[in-house]
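Trainee: Mind folding the following:
(one chain, ligands or ions: 1)
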Amino acid sequence: METEAAEVNLCFTFGVIADIQYADTENGFNYSRTRERYYRNSLHLLRSALHEWNEEVITPRFILQLGDIIDGCNSQLKSSDHALQVVINEFAKSPSPVHHIWGNHEFYNFNREQLLNSALNSKHLGNGKLFDNGDSNIKSDLDPDDPNDPDAFYGYHFSPFPKFRFILTDTYDLSVLGRKKDSKKYCYSLQKLKSNNRNENLNSPKGLDGLNSRFLAFNGGFSQEQMEWLNKILTFSDNNQEKVTVIGHLPVHPYSTDPMCIAWNYDEILSVLHAHTSVVCFIAGHDHDGGYYLDDHGIHHLTLEGVIETPPESHAFGTIRVYEDRMILKGRGRISERVLHFDKHK
Ligand SMILES: Nc1ccn([C@@H]2O[C@H](COP(=O)(O)OP(=O)(O)OC[C@H](O)CO)[C@@H](O)[C@H]2O)c(=O)n1
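Mentor: Down below sits the predicted model:
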């Protein structure tokens, strides 16, 4: 009876999956050799996730692929294009559109130009124009990838249902990965990294304590222009009384992840999110162990467990059911079930 009542108030559902890191190679381990990585099997796990989404009574309205779709080892194996095609062929069986974001492993395999011209650029699925808004001037304000920077890609947003918005962000807009070495953003990022990490290997956290261990080359951050872009969309969403979920590969709250996996300028992006009543959730990948935290501004920080470190007999994907007052994560395998209530005072 309770389930039937819940179905009545259901707005829509969507699927989530993170860190597939497919490669046609033998199993390996993470860097600290504490977790096995199942490179081939990750494709089977993706296949069964897609099968389940296809079988669901209420078809997910969209799927979020949270980055690191193929592993960096494909680059050494000279199989980046092929591996990506294999995974994209699987996603073609999705019952609904797939939104992709970019993680560090995308940049181990491809540069930004290649990514922008690949199946991993799903920006065409975004609403250039904001929902419920007749003012076409707003479109150019809110869709401003910098025309002077051919590699600029802050992200995009879409509204799958009235009063709900999803904003996909590139958490590597500041990064030493994927950018040309003579670009402004590369130079700024390298300087930021080196001033916080004195190791020769910039992926090594040796000597870095606590949150300082985030200053690693496989992480990145948000540029000022990108945060201004995000701020404008969120202002629109506040005024329109929307509920917004922001998505990025890197987590942004220290209590939702291992500090080695958090965005470099997580504090700045948190200030942006906290300045807006519309933000209800931030969904990330990257930390394969997953995490969750409800912050003191009522924002749910959900870090999804990675497929790549999921044993063959388990799963790592979920379906999120969205209601007016909450979202329910129906996790499978390593991903727990969670109820994410929206803050009533927002
Ligand atoms: N202490 C370390 C850790 C890593 N590296 C090197 O950095 C590159 C990326 O590491 P990797 O573990 O593959 O990155 P993932 O995105 O798959 O995982 C992120 C979190 O750890 C998951 O929870 C790679 O080249 C490593 O060799 C390093 O040098 N020193």
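Trainee: Quick one: low-confidence residue ranges for the stretch 51-200 of the chain.
Mentor: Under the criterion pLDDT under 70, the flagged ranges of the stretch 51-200 of the chain are 128-151.
Trainee: Can you pull the residues of it lying near the ligand?
Mentor: Taking C-beta under 6 Å from any ligand atom, the part of the stretch 51-200 of the chain that reaches the ligand is made up of 68, 104. C-beta here means a position set from N, CA and C on the backbone, and glycine is covered the same way.
Trainee: Quick check: closest non-adjacent residue to the residue of the stretch 1-150 of the chain found nearest the ligand.
Mentor: Going by C-beta to the nearest ligand atom, the ligand is nearest to residue 31 of the stretch 1-150 of the chain, at 3.6 Å. Ranked by C-beta to C-beta, 6 or more residues apart in numbering and with sequence neighbours excluded, the top spatial neighbour of residue 31 is residue 203, at 7.9 Å.
Trainee: and if you look at residue 255?
Mentor: With sequence-adjacent residues excluded and distances taken as C-beta to C-beta, 6+ apart, residue 255 is closest to residue 293, at 3.9 Å.
Trainee: can you list contacts of stretch 202-221?
Mentor: Judged by C-beta atoms under 8 Å, 6 or more residues apart in numbering, the contacts made with stretch 202-221 from elsewhere in the structure are 31, 104, 171-177, 189, 192-194, 196-199, 250, 254, 259-266, 268-269.
Trainee: and if you look at stretch 53-67?
Mentor: 7, 10, 12-20, 91, 93-106, 125, 160-161, 166, 168, 247, 249, 283-286, 304, 319.
Trainee: try 7 Å this time
Mentor: When contacts are taken as C-beta atoms under 7 Å, 6 or more residues apart in numbering, the neighbours of stretch 53-67 outside the stretch itself are 10, 12-18, 94-103, 106, 160, 247, 249, 283-285, 304, 319.
Trainee: tell me the contacts of residue 260?
Mentor: 205, 213, 214, 216.
Trainee: And the strands in the stretch 1-150 of the chain?
Mentor: In the stretch 1-150 of the chain, the strands defined using DSSP state E, counting those that start in this stretch lie at 10-17, 28-29, 36-37, 62-65, 98-100.
Trainee: For these, please prepare JSON lines with the additional fields mean neighbour count.
Mentor: Listed next are the strands of the stretch 1-150 of the chain as JSON lines, based on neighbours: other C-beta atoms under 10 Å:
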{"stretch": "strand 10-17", "mean neighbour count": "20"}
{"stretch": "strand 28-29", "mean neighbour count": "13"}
{"stretch": "strand 36-37", "mean neighbour count": "18"}
{"stretch": "strand 62-65", "mean neighbour count": "22"}
{"stretch": "strand 98-100", "mean neighbour count": "21"}
